[in-house]
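Visitor: Here is the input, now give the coordinates:
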Amino acid sequence: MSTIDAQVHCYERNHPGRPWAAVLAGPPEVTGEDMVKAMDAVGVDGALLVSVWTMYRWDASYAVAVQRAHPGRFGVIKPVDPNDPKVAETIAEWAKMDGTVAIRIMMGPDVSTDAANPGINRVLAAAARHDLPVNLMARGRLEQVGLMAKRNPTRLW
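Guide: From the prediction side, this is the model:
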């Protein structure tokens, strides 16, 4: 039986080529190589690699690079912006990439608290069209998530 970690984050040190938007509490970097060594040390065969929104926002390029350097070890989850009118196109492109396993909505203060929000529902519909699960970071929003599930029973859950 394989052991899969449900959520890991990898990131480089802050540098001009891929600057951080903000600082995440933790080590100054956790590279793909660091993560593979840590996984090997405890017998983890694979992991769901979530692109670090705090640092990279909508840019999943580092997570993609890690997955490509270690094929078969990581499936990648990309945060998408429900406020972006072109989010459906972003999801369609993401769905074509090797290693893609899901998308993520970061339900922070800039994302509507309305379960009927067109942007959120655009994300859910596009993800369903491309058979991609939706990973939610929804701290303090369980009521909204419940309403989203009721509104989208064949899309999200």
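Visitor: could you list every residue that touches the closest residue to Val50 other than its chain neighbours?
Guide: Sequence neighbours aside, Ile77 is the residue nearest to Val50 in space, at 4.5 Å (criterion: CB to CB, 6 or more residues apart in numbering). Every C-beta, even on glycine, is put in place using the N, C-alpha and C of the backbone. Taking CB atoms under 8 Å, 6 or more residues apart in numbering as the definition of contact, the neighbours of Ile77 are Leu48, Leu49, Val50, Ser51, Ala63, Val101, Ala102, Ile103, Arg104, Asn135.
Visitor: Any chance of those in TSV with pLDDT as columns?
Guide: Rendered in TSV, the data for the contacts of Ile77 read as follows (pLDDT from 0 to 100):
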residue	pLDDT
Leu48	98
Leu49	98
Val50	97
Ser51	96
Ala63	98
Val101	96
Ala102	96
Ile103	96
Arg104	96
Asn135	93
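Visitor: helix, strand or coil for the residue nearest to Val50?
Guide: Reducing the assignment to helix, strand or coil with DSSP: H, G, I helix; E, B strand; the rest coil, the entry for Ile77 is strand.
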